[in-house]
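Chemist: take this sequence and fold it.
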Amino acid sequence: ASASPFEGLAEKVNWLGVSLSQDPFAKLLLEAGISEETIRSWTSDPAVLFEGRKQSVFDLLEDLDVKACVDKAKQIAAAACDEHVSQAPTASQKVVGGLIAAKRDGTSSAADMESASTTNASACNSAFVFIKPHAANGQVQAFVEKEFAARRIRILRKGDISAEVIDRP
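Modeler: Prediction:
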């Protein structure tokens with residue numbers, strides 16, 4: 001017998017060629033916001049960083065029922081996002097200025113983090129946030145930072161963009 005719903009899924013995918021779109025447990029993972037790419041990569045039991053150390057995905061999800069397994073899978077994906085966010089900004093995040101934020105929410109698709117690896121692409125959203133010049137003052141910036149913090153959105157970099165850069169054709 002499989003040691004968990006996820007390991008059962010991996011066995012069906014790897015040994016029987018079952019499609020993720022046809023498997024009931026895979027559908028739950030997809031509905032939970034974990035990308036198909038991440039699920040596929042996890043079916044080979046990679047070591048993932050979770051709770052400060054590299055661990056087997058299968059071991060992390062072992063002996064859990066369906067709901068607990070989905071919840072833990074979301075935590076693992078979110079931890080991968082946190083690891084990605086804590087690293088140096090990628091080329092797509094190196095901007096002249098403004099705010100760059102990434103939110104750990106476990107609900108994005110792989111396209112949301114073009115530079116993310118397959119094990120964390122489903123977990124992160126990132127955005128360039130721009131406070132327009134007429135509102136760019138200390139009060140507005142403090143408000144934005146407070147609201148982001150309340151929603152667990154991390155600001156990765158702050159800066160300024162000159163009018164010449166904004167108005168460049």
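Chemist: list the buried residues in stretch 17-32.
Modeler: Burial within stretch 17-32, assessed by neighbour count using 16 or more other CB atoms under 10 Å, is assigned to 20, 23, 25-26, 28-30. C-beta: built from backbone N, CA, C; applies to glycine.
Chemist: would you format these as a markdown table with secondary structure, distance to V66 and pLDDT included?
Modeler: Putting the buried residues of stretch 17-32 into a markdown table (DSSP: H, G, I helix; E, B strand; the rest coil; distance: CB to CB, whole Å; pLDDT from 0 to 100) gives the following:
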| residue | secondary structure | distance to V66 | pLDDT |
| --- | --- | --- | --- |
| L20 | helix | 16 | 95 |
| D23 | coil | 12 | 92 |
| F25 | helix | 7 | 95 |
| A26 | helix | 12 | 95 |
| L28 | helix | 7 | 95 |
| L29 | helix | 10 | 95 |
| L30 | helix | 14 | 94 |
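Chemist: now tabulate the residues you listed in a markdown table and tack on distance to A3.
Modeler: Formatted as a markdown table, those follow (distance: CB to CB, whole Å):
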| residue | distance to A3 |
| --- | --- |
| L20 | 19 |
| D23 | 17 |
| F25 | 13 |
| A26 | 17 |
| L28 | 18 |
| L29 | 17 |
| L30 | 21 |
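Chemist: which one's the longest helix in the chain?
Modeler: The single longest helix within the chain, with elements called by DSSP state H, is helix 66-86.
Chemist: spit out the contact partners of the nearest residue to L20 once chain neighbours are set aside.
Modeler: In this structure, L20 finds its nearest non-sequential neighbour in A26, 4.0 Å apart by CB to CB, 6 or more residues apart in numbering. By CB atoms under 8 Å, 6 or more residues apart in numbering, the contact set of A26 is 9, 13, 20, 39.
Chemist: go again with 10 Å.
Modeler: Neighbour list for A26: 5-6, 9-10, 12-13, 18-20, 34, 36, 39-40, 43 [criterion: CB atoms under 10 Å, 6 or more residues apart in numbering].
Chemist: what's the closest of those to R154?
Modeler: Set against R154, the nearest of those by CB to CB is I34 (20.5 Å).
Chemist: just checking, that closest one touches K74?
Modeler: Yes: counting by CB atoms under 10 Å, I34 touches K74, with 6.8 Å between them.
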